[in-house]
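Student: Fold the following and give me the result.
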Amino acid sequence: MRSTDVTDFLTRRPQTKRELAERMGVSQRVVELQVYEARHQGKAIMSDSDGYWLTDDPQQVRLMAARLHRRSTHVHETALALEATAEKLAAAPAAVLFPELAR
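Tutor: Numbering: from 1, shown residues only. Below you'll find the predicted structure:
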């Protein structure tokens, strides 16, 4: 039986989510979920725009953790801004954004 465990396919060379999904015979979403789970189980899986890879370098793992912290802060700030925008839209009278299309 063919393995579908992402850690069986990761190497020290970056591989894209698409590459991993094709090699594993699963969807890209399954790859994401398995990377998430493997990280929570203590696997040192790195990622960037080049893809996912394994490392045994603690400094590289710390840098990855810091990058994820920064990203989560930006996502949280964006969510707060969108919530504020929703409140402004709800309080404002309905506007027609593209009057030329409302004929």
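
Student: ok, which stretches of the protein are helices?
Tutor: With DSSP state H as the criterion, the chain has helices at 17-24, 28-40, 58-91.

Student: Export those to TSV and append columns for distance to Gly51 and mean pLDDT.
Tutor: For glycine as for every other residue, the C-beta is placed from the backbone atoms N, C-alpha and C. Supplementary listing: the helices of the chain in TSV, determined by distance: least, CB to CB, whole Å; pLDDT from 0 to 100:
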stretch	distance to Gly51	mean pLDDT
helix 17-24	7	97
helix 28-40	10	97
helix 58-91	13	95
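
Student: Asp48 is nearest to which of these?
Tutor: Closest approach to Asp48 among the helices of the chain (CB to CB): helix 58-91, 8.2 Å.

Student: Who are the packing partners of that closest one?
Tutor: For helix 58-91, the packing partners by 3 or more CB pairs under 8 Å, 6 or more residues apart in numbering; DSSP states H and E come out as strand 45-48.

Student: What strands line up against the strand it packs on, and which way round?
Tutor: For strand 45-48, the paired strands and their directions (DSSP bridges) are strand 51-54 (antiparallel).
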